[in-house]
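*Asks:* Would you be able to build a 3D model of this:
(one chain, ligands or ions: 1)
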Amino acid sequence: MTMLSDSDLERIEEEIEEMYERRIEEKGTTPEGLYWDSAESMAIRFDAALDMYDFSGKRVLDVGCGFGDFYEHMCDTECEPAEYYGVDISESVLDVARGRFPDCEFERRNITRRPFDDRQFDIAVVFGALNHKLNIVDNEVYFRRVLRSCCASSDAVLVNALSRYREGDWPWEESVHYHSPEKAFGYAQELGRDVVLKHDFPPIPQKEFHLLFRTGTEDSGVTDRSGVAEIGSGDS
Ligand SMILES: C[S@@+](CC[C@H](N)C(=O)[O-])C[C@H]1O[C@@H](n2cnc3c(N)ncnc32)[C@H](O)[C@@H]1O
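*Replies:* Numbers count the residues shown, from 1 in each chain. Model prediction:
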């Protein structure tokens with residue numbers, strides 16, 4: 001079993017933060033600045049999530065919130081949440097989000113190093129934060145760690161990732177980690193229940209999937225939260 005130390009997590013954080021600083025300098029505060037293709041492709045991704053879960057009136061934690069586009073999308077599509085809390089590890093990214101949505105809460109926080117222990121959310125969402133090939137640790141180990149960190153404070157988790165199954169002719173990218181949807185399903189099943197895998201939206205431009213599951217908190221039917229901690233105590 002591989003365990004991620006705090007110094008591993010700190011190094012990942014530095015790597016990701018620097019990457020986004022450089023990217024925003026190059027591409028500006030645009031979807032491309034967040035490594036996305038376009039505003040249209042973001043809308044397809046977010047709509048696919050809205051098909052899976054009713055966000056309206058919910059307490060939403062957005063992990064790797066970027067410029068807060070998911071919040072805007074929920075409001076524009078009449079799915080306004082009761083609470084929206086965006087966390088990101090990049091201050092440059094958060095500055096933009098705060099400027100756009102001054103009434104929302106945003107915080108610089110790496111969920112893997114500081115999971116919430118003082119707040120509860122109905123759902124944590126993670127769009128696009130797990131696609132970069134990491135130089136420091138195995139991406140799969142990190143994926144599990146992020147999922148487990150979300151479980152600590154949320155009744156449900158919806159995670160988005162690039163799929164290793166191709167559709168379309170977009171070339172494989174060296175800097176990207178392509179996830180196995182079936183492995184991701186297995187991790188979610190270990191951490192919670194009612195797992196839903198959505199792999200049917202069109203490539204935008206690469207094939208992605210969303211995974212939704214209920215965690216061991218509050219209404220999930222798994223009455224003992226310590227059970228979740230136990231099941232998910234390892235990183236591999
Ligand atoms: C591809 S962008 C997506 C932004 C936003 N979720 C969206 O869909 O528009 C990924 C974001 O995740 C952030 N991120 C990556 N790893 C993170 C972590 N461990 N904790 C918090 N934020 C993270 C990055 O800084 C970046 O802003």
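*Asks:* So what touches stretch 171-183?
*Replies:* With contact meaning CB atoms under 8 Å, 6 or more residues apart in numbering, stretch 171-183 is reached by 130-134, 139-140, 143, 161-166, 197, 199, 206, 209, 211. Any C-beta I mention is one placed from the backbone N, CA and C, and that applies to glycine too.
*Asks:* Next: stretch 143-152.
*Replies:* Contacts with stretch 143-152, where a contact means CB under 8 Å, 6+ apart, come from 4, 9, 61, 63, 111-112, 115-117, 124, 126, 129-130, 157, 159, 161, 179, 184, 187-188, 191-192, 215-217, 228-229, 232, 235-236.
*Asks:* Can you point out the buried residues in it?
*Replies:* In terms of neighbour count (16 or more other CB atoms under 10 Å), stretch 143-152 has its buried residues at 143-152.
*Asks:* ok, and for stretch 76-89, which residues are buried?
*Replies:* Buried residues in stretch 76-89, counting neighbours by 16+ other CB under 10 Å, are found at 79, 81, 84-89.
*Asks:* Residue 92 looks like it's in a strand, true?
*Replies:* No. Going by DSSP: H, G, I helix; E, B strand; the rest coil, the assignment for residue 92 is helix, not a strand.
*Asks:* Distance check, it against residue 21.
*Replies:* Taken as CB to CB, to the nearest Å, the spacing of residue 92 relative to residue 21 amounts to 6 Å.
*Asks:* do the same with residue 98
*Replies:* Using CB to CB, one obtains 17 Å as the distance from residue 98 to residue 21.
*Asks:* what do you get for residue 101?
*Replies:* Taking CB to CB as the criterion, residue 101 is separated from residue 21 by 21 Å.
*Asks:* the more surrounded of the two?
*Replies:* A count of neighbours by other CB atoms under 10 Å puts residue 101 above the other of residue 101 and residue 21, at 19 against 14.
*Asks:* List the residues that contact the more buried one.
*Replies:* Listed by CB under 8 Å, 6+ apart, the contact partners of residue 101 are 68, 71-72, 84.
*Asks:* lowest average confidence, helix or strand, in this protein?
*Replies:* helix 225-231 (a mean of 38; mean pLDDT, DSSP states H and E).
*Asks:* Tell me the residues of the chain that contact the ligand?
*Replies:* 16, 20, 34-35, 42, 63-66, 69-70, 87-90, 93, 110-112, 127-129 (CB under 6 Å from any ligand atom).
*Asks:* So which elements touch the longest strand along the chain?
*Replies:* Criterion DSSP state E: the longest strand present in the chain is strand 154-162. Where contact means 3 or more CB pairs under 8 Å, 6 or more residues apart in numbering; DSSP states H and E, strand 154-162 is packed against helix 39-52, strand 121-126, helix 139-151, helix 181-191, strand 208-214.
*Asks:* Over the shortest one, what's the mean pLDDT, rounded is fine.
*Replies:* So the one you mean is strand 121-126. Over the span of strand 121-126, the pLDDT mean works out to 98.
*Asks:* dump the residue contacts of the nearest residue to residue 77 once chain neighbours are set aside.
*Replies:* Using CB to CB, 6 or more residues apart in numbering and skipping residues adjacent in sequence, the residue nearest residue 77 is residue 50, 6.3 Å away. For residue 50, the contact set (CB under 8 Å, 6+ apart) comprises 73-74, 77, 79.
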